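Q: Would you be able to build a 3D model of this:
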Amino acid sequence: MLPGHAVAPAGETRQDAAPLAGGTPTLRGLDFSSTMRLCCTAEMNNRPNPQLLVWWALWAAFQIGIVFFYYFLGQATTQPQTNPESAAWLAGFIPFALSAAIRWLILPRINTAQPALTTAILGIAFAEVCCFLGLFIFPPHKRELFGASFIGILQFIPIYARRFDQTRGR
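A: Okay, here's the model as predicted:
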C-alpha cells in the first residue's frame with residue numbers, strides 16, 4: 001500500500017473516503033481498490049502458462065523450419081547418389097516410424113513435463129531426419145520423404161501438453 005491512499009476493506013465502501021492527491025480512485029465516496037485488485041488477479045490467472053507457450057513455440061519453429069529446409073535446401077541438391085529405381089530409399093521412412101512410435105507409444109506414458117518435452121523434441125528430430133535423407137541421400141524421392149517429415153512433426157502438435165499445465169484448476 002502506498003502512503004496517502006484511502007482504502008476500504010474488501011467488500012466495504014467508505015463514505016468518508018475522499019480522493020487524496022495521487023490516491024485511490026473514488027466516485028461519490030465509493031472505493032474501487034478491491035474491484036481493481038479482483039480484476040488484476042483475474043487477469044493474471046487468465047494468462048497462458050509460459051511452459052505451454054514453450055511447447056507451442058518449439059513445435060511451430062520445427063514445423064515451419066522443415067518447410068524452409070525443403071524449399072531452400074531442396075533447390076541446391078545435386079545428382080542423385082542412388083539409383084531412382086532402387087527400393088533403398090524406403091529406408092528413409094524408418095525415422096518416421098520411430099517418430100510415430102515415440103509420439104503414440106512412449107509420450108502418452110510420461111507423466112511429467114520435462115521428460116515429455118525432451119521426448120517430444122527427440123521424436124520431432126527423428127521426423128526431421130526424413131526430410132534431410134530426402135534432400136541429401138535420396139533426392140529423387142525428396143517430396144515423399146518431405147511429406148513424411150511434415151506429417152511426423154505435425155503429429156507432435158502440443159495439444160496433449162495441457163495435461164502438464166500446473167496452473168489449471170487454480
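
Q: Next, please give the residue ranges for the helices of this protein.
A: Per DSSP state H, the chain carries helices over the ranges 33-45, 50-68, 94-101, 113-132, 142-154.

Q: Tell me which of the ones you listed lies nearest to residue 107.
A: Of all these, it is helix 113-132 that lies closest to residue 107, at 5.5 Å by C-beta to C-beta. Every C-beta, even on glycine, is put in place using the N, C-alpha and C of the backbone.

Q: what angle do that closest one and helix 142-154 make?
A: Put simply, helix 113-132 runs at 170 degrees to helix 142-154, going by axes from the mean of the first three to the mean of the last three C-alpha atoms, to 10 degrees.

Q: now helix 113-132 against helix 94-101, angle please.
A: On the basis of the same axes, to 10 degrees, helix 113-132 is oriented at 150 degrees to helix 94-101.

Q: other SSEs contacting helix 113-132?
A: Applying 3 or more C-beta pairs under 8 Å, 6 or more residues apart in numbering; DSSP states H and E, one finds that helix 113-132 makes contact with helix 50-68, helix 94-101, helix 142-154.

Q: Using neighbour counts, pick out the buried residues of it.
A: Using 16 or more other C-beta atoms under 10 Å as the test for burial, helix 113-132 gives 113, 116-117, 119-120, 123-132.

Q: Phi and psi next, for residue 110.
A: Here is the backbone geometry of residue 110 (degrees, to the nearest 10): phi -90, psi 130.

Q: List the residues that contact the residue nearest to it when sequence neighbours are not counted.
A: Distances taken as C-beta to C-beta, 6 or more residues apart in numbering place residue 116 nearest to residue 110, at 4.3 Å, with adjacent residues excluded. With contact taken as C-beta atoms under 8 Å, 6 or more residues apart in numbering, residue 116 is in contact with 107, 110, 161, 164.

Q: If we use 10 Å, what do you get?
A: Going by C-beta atoms under 10 Å, 6 or more residues apart in numbering, residue 116 touches 55, 106-110, 158, 160-161, 163-164.

Q: Tell me which of the helices and strands packed on helix 113-132 sits nearest to residue 136.
A: Closest to residue 136 of these is helix 142-154 (C-beta to C-beta; 8.9 Å).

Q: Since that was my last question, I'll sign off now.
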